[in-house]
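Peer 1: This is a predicted model, with the sequence first.
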Amino acid sequence: MDFVTPVMDVATRLWSCTSRRASYVINLEENMCSLRIKMEELRNVGEDVKRRVEDAENHQMRRRNEINGWLNHLDSLEREVNEILEEGDQEIQKRSLRNFCSSNCRSSYNIGRRIREKIPAVSELKNEGHFDVVADRLPSAPVDEKPLEKTVGLDFMFGEIWKWLGDDKVGIIGLYGMGGVGKTTFLKKINNEFLKTKLGFDVVIWVVVSKPANAEKVQEVILKKLEVPRCEWKYGSKDEKSQKIFNILKTKKFVLLLDDIWERLDLSEVGVPRPNGEDSMFKVIFTTRSEEVYHAMEAHKHIKVECLAPDEALSLFRMKVGEDTFNSHPEIPTLAEEIVKKCKGLPLALITIDRAMADKKTLRRWDRALEVLKTYPSTFSGMEDQVFAILAFSYDSLSNSSIKSCFLYCSMFPSYYEILEDEPVELWIGEGFLTESHDIQRARDEGYDIIESLKVACLLDSAEFEKHVKMHDMIRDMALWLTTKPGGNKKVVVKERARMVKSQDFAEWKEAHMISLWDIGTISLLDIGHGMPSFPILETLFLRRSSMDEIPTGFLEKMPLVRGLDLSYNYCLESCWQVHQLVNLEYLNMSFTSIKVWNIVGGLKKLSMHGGRLQIACNEQKALLEELENLEYINEISIILDSDISVKKLLSSYKLQSCIRKLHLQCCSKMISLELSPSCVQAMVHLEMLQISSCDDLNDVEINAEDKGKRGFISRYSMVLPKFFKLHEVHIISCSKLHNLTWLICAPCLQSLVVSTCESMEEMIGRNDGVVKETSGLFSRLTTLQLENLPKLKSICSWVYPFPSLKIIYVHSCENLRKLPFDSNTGKNSLKKIQAEQNWWDGLQWEDEAIKQRFNSFFMPSEYMDLHQVLGYGY
């Protein structure tokens, strides 16, 4: 029995092996079917994995390496299975065609075995394909590219910024400018340049700040860019987020780009290490519409993004509108230039108009477009919502309603007009816009502050001439658009450069609060009669530079609420007797007219002019001054006097002296000496501007000393002479016998001095007992000095002065002036330009060569200067 067990065991094993092998052959078709099912299931799992991977990669994720390995295994296994199944199909077909034999059995066995072995392999791979995660989030690129089209006109500024980025002493850079000028485009250009040249920075972070500035929102953008897991900061406090950001950024060299800042953003509160301007690894660049913001952000460098130059603007317009449209008619390029001129180089306006004109290829449509832009720009396609609404953010950000009203008022001036700052300020006072209107001097200071605020907000710009501002055409159009919107803004009507204003026009303006007419040929109102339109809510009327010789009868009667009336520069206007009927009038300007002023003033005495202001500049005489003296509420006068009798009347009236703000003495032929007593100087507390012109007999301007018995031009009592503390502008023109201007030591706040065509003047500031030399305040605030046609002038003053505020010097035809009272400290940190003839400059004498070389850098040769161009306006 002992040998039976081994035999049986061998037999069992042989049977098992034989039966298993036989099953490969017998169950071939069944196993093939099972493999196909398993393989189809595996394919479905593979498709699911591929879809998940594709979705992840579309979201900037990267597939895991194990996924790549599994998919590669799937591809390999699928090829093997397909090959085996194909062989199996062929084997089954052979078996059906011939009898089963030992060779066929062996072939079927091999195929069956391989099929049977693949079934668990397929099942195993299928089970492995149920991945929890198929891809990982990619690390952020150091720089995220921003969409940016081709730019125009940014190359020079870009070069400056790139230079500052390489300067370790520059940490914070501010880009400021009006809305729509291209600040964000400029910032995108800077951002994208880091894709090419990283300058060693580890990361560039872009944040849109907008208003109001929210430190936590800025923190979230930075944390996401730095790939800090959300779970680590989502529920943290602002301080905790700040600390986390700081701990990361302090180890990196980074650039933070902040777009559209409206107020100071505290970088420390956000957690951004503050660039200190000393070997800084960190850079912050921001854009803002407000000059005030770049100061508040303590920028180490700043640059104003200006509108495009005319050629650049046309290039941008042509590029955007397309060559096909631009060249579709020979006259379209000319019309395009007119449209570009209207946009004044503002890229936002140019691009908006480009979109509207890209498919306009007929001359008629271009003519119509230009007409609409000139007359009703808000109706042009896209202008209201894509231009004006964006520009209006600057208006909305103004701090109070008074400043907003003052801004809208500036839209009454023509688009081509450079506005003397005094003009809107005086009008604002008359309109009662200013909180200090009860005190005219404080109100005036408030008005100047508002002008500065509007300049800081890029809603007004400095003009070419000092104390002048201008408004960009698109800003002005936006302001006029705002006056048509509901919400309490006063409606403004502006018409300029029209040959005629008809009665129908006035009838359409009856709901206007302000009407401004400039450079009008004629006004057709004489034939209206009883049909003359009324203006029940009109508060302000500008009527400047017309050809009228009188105001039509009954015209002003229809304006019962008018508080401000400006009739200036109507040179032919002789009659305006209706003015006294304007019982609410508080501002009247009849400068440069031919109106008999005393006839007007007599009527004004009956008015209740509480806090009233009267500005009259004309060529009337003593009668006018007597009428003005009798006005109870008048507190400011600007006037031209042209006789010595009128001057004596002024100097004998304390009331008139106390009201004088601007005084022009013109053609006073019998005035040999102008003597001012201490009480007179003290009374002229508001005198800001003095012009003396064409007074051919005037020898001296004298300010008497306290002791009348020792009266003299400048005596040993000079140190106690009274001062003109408000006088900041003096023009002395065509006074052929005037010898000097030593009296200017009594004007310590002088800012602008013009001396022209004074043939006898040899020394501007004379020498007297050494006292003048000790007058330290002399010329300390002088910014502009112009000397013209002074053939005998040898000296400005005989000692060196620092002129700490001096910016501009103009000299022409002063051949005997061989030395300037300058040393190495003169005009330090202020001087910008010295303009004169080359021959005169070359012949100047200097203390040493170093001083000469220093001032050489400011010199600009000029053969001739137009006095009126330099002054910017006539008095």
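Peer 2: It's in. Numbers count the residues shown, from 1 in each chain.
Peer 1: who touches residue 393 in this structure?
Peer 2: By C-beta atoms under 8 Å, 6 or more residues apart in numbering, the contact set of residue 393 is 179, 289. (Glycine included, C-beta is placed from N, CA and C.)
Peer 1: Try it again at 7 Å.
Peer 2: Going by C-beta atoms under 7 Å, 6 or more residues apart in numbering, residue 393 touches residue 179.
Peer 1: Okay, and it sits in which element?
Peer 2: Secondary structure from DSSP states H and E places residue 393 in helix 389-396.
Peer 1: Show me what counts as buried in that helix.
Peer 2: Residues of helix 389-396 classed as buried by neighbour count (16 or more other C-beta atoms under 10 Å): 391, 392, 394, 395.
Peer 1: ok, then the element right after it?
Peer 2: Next element after helix 389-396 (DSSP H and E): helix 401-410.
Peer 1: how many neighbours does residue 458 have?
Peer 2: Neighbourhood size, residue 458 [other C-beta atoms under 10 Å]: 22.
Peer 1: Distance of it relative to residue 287?
Peer 2: Distance of residue 458 to residue 287, given as C-beta to C-beta, to the nearest Å: 12 Å.
Peer 1: residue contacts, residue 755?
Peer 2: By C-beta under 7 Å, 6+ apart, residue 755 lies in contact with 732, 741, 764, 787, 790.
Peer 1: let me redo that: residue 176
Peer 2: 288, 289, 290, 291, 294, 302, 304, 305.
Peer 1: Quick check: of those residues, which lies closest to residue 335?
Peer 2: Nearest to residue 335 out of those is residue 305 (C-beta to C-beta; 27.8 Å).
Peer 1: Residue 263 versus residue 371, what's the distance?
Peer 2: 41 Å.
Peer 1: err, residue 63, not the other one
Peer 2: Distance of residue 63 to residue 263, given as C-beta to C-beta: 45 Å.
Peer 1: out of the two, which sits in the busier spot?
Peer 2: Set residue 63 next to residue 263 and count neighbours by other C-beta under 10 Å: residue 63 wins out with 19 against 15.
Peer 1: and residue 371, how many neighbours does it have?
Peer 2: Residue 371: 10 neighbours (other C-beta under 10 Å).
Peer 1: Let me see the ranges of the helices in the stretch 551-700 of the chain.
Peer 2: Taking DSSP state H, counting those that start in this stretch, the helices of the stretch 551-700 of the chain run over residues 597-604, 622-629, 644-651, 654-659, 678-683.
Peer 1: could you check the angle helix 622-629 makes with the third one?
Peer 2: Orientation of helix 644-651 against helix 622-629 (axes from the mean of the first three to the mean of the last three C-alpha atoms, to 10 degrees) gives an angle of 20 degrees.
Peer 1: got the buried residues for helix 644-651?
Peer 2: Neighbour-count burial for helix 644-651 [16+ other C-beta under 10 Å]: 644, 646, 647, 649, 650, 651.
Peer 1: go on, the second one?
Peer 2: By 16+ other C-beta under 10 Å, the buried positions in helix 622-629 come out as 622, 623, 624, 625, 627, 628, 629.
Peer 1: what's the answer for the last one, then?
Peer 2: Within helix 678-683, the residues that qualify as buried are 678, 680, 681, 682, 683, counting by 16+ other C-beta under 10 Å.
Peer 1: Just flag the most distant two among the residues you listed.
Peer 2: Going by C-beta to C-beta, the pair spanning the buried residues of helix 678-683 furthest: 678 and 683, at 9.6 Å.
Peer 1: Does the nearest residue to residue 507 once chain neighbours are set aside fall in a helix, a strand, or a coil region?
Peer 2: In this structure, residue 507 finds its nearest non-sequential neighbour in residue 533, 4.5 Å apart by C-beta to C-beta, 6 or more residues apart in numbering. Recorded secondary structure, residue 533: coil (DSSP: H, G, I helix; E, B strand; the rest coil).
Peer 1: now do the one 3 residues further on
Peer 2: Reduced to three states with three-state DSSP, the structure at residue 536 is coil.
Peer 1: Ok, residue 702 next?
Peer 2: Under three-state DSSP, the three-state class of residue 702 is strand.
Peer 1: Do you have the strands of the stretch 101-250 of the chain handy? List them.
Peer 2: Here the stretch 101-250 of the chain has its strands, by DSSP state E, counting those that start in this stretch, at 135-137, 172-176, 203-210.
Peer 1: Of these, which stretch is the most buried?
Peer 2: strand 172-176 (a mean of 25; mean count of other C-beta atoms under 10 Å).
Peer 1: most neighbours, which of the contacts of residue 176?
Peer 2: Highest neighbour count within the contacts of residue 176: residue 288, with 27 neighbours (other C-beta under 10 Å).
Peer 1: Look up how far residue 207 lies from it.
Peer 2: With C-beta to C-beta as the criterion, residue 288 and residue 207 are 13 Å apart.
Peer 1: ditto for residue 371
Peer 2: Taking C-beta to C-beta, one finds residue 371 at 43 Å from residue 207.
Peer 1: next one: residue 810
Peer 2: As judged by C-beta to C-beta, residue 810 and residue 207 stand 48 Å apart.
Peer 1: try residue 547
Peer 2: For residue 547 relative to residue 207 (C-beta to C-beta), the value is 58 Å.
Peer 1: One more: residue 29?
Peer 2: Look at residue 29 and residue 207: by C-beta to C-beta, they are 68 Å apart.
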